[in-house]
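Peer 1: here is a sequence together with a model predicted from it:
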Amino acid sequence: MKASDQTRKVWEVSRLWTAVDGVPHARLVNQHETLMVSVGTLNDQEFFVAIPVMRNEP
């Protein structure tokens, strides 16, 4: 979840990769929206906050 987002949207990491400049990135999805951010930004709690996820997998 974005730290400053008042709508409290939950973003899911859909892909991780290393860009040509060597910086690791993540693709985040939320319904019909997509964000691409560096993994460093994703790990910075001033930008994103991790939330517990409950999955219904067997």
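Peer 2: Received, thanks.
Peer 1: residue contacts, the nearest residue to residue 9 once chain neighbours are set aside?
Peer 2: Nearest non-adjacent residue to residue 9, counting by CB to CB, 6 or more residues apart in numbering: residue 30, 5.1 Å away. Heads up, the C-betas are built off the backbone N, CA and C, glycines and all. Counting by CB atoms under 8 Å, 6 or more residues apart in numbering, residue 30 touches 9, 10, 11, 12.
Peer 1: the third one contacts residue 34, doesn't it?
Peer 2: No. Using CB atoms under 8 Å as the test, residue 11 is too far from residue 34 to be in contact (9.4 Å).
Peer 1: give the ChimeraX command for selecting the buried subset of the contacts of residue 30.
Peer 2: Applying 16 or more other CB atoms under 10 Å to the contacts of residue 30 leaves a buried subset, and the ChimeraX line that selects it is:
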select :11
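Peer 1: narrow the contacts of residue 30 to those in strands?
Peer 2: The strands, defined by DSSP state E, take in residue 12 from the contacts of residue 30.
Peer 1: related to what we said a few turns ago, joint contacts of residue 11 and residue 34?
Peer 2: residue 28.
Peer 1: part of a helix, is residue 15?
Peer 2: No. Secondary structure of residue 15 (DSSP: H, G, I helix; E, B strand; the rest coil): strand, not part of a helix.
Peer 1: tell me what it is bridged to.
Peer 2: residue 27 (DSSP bridges).
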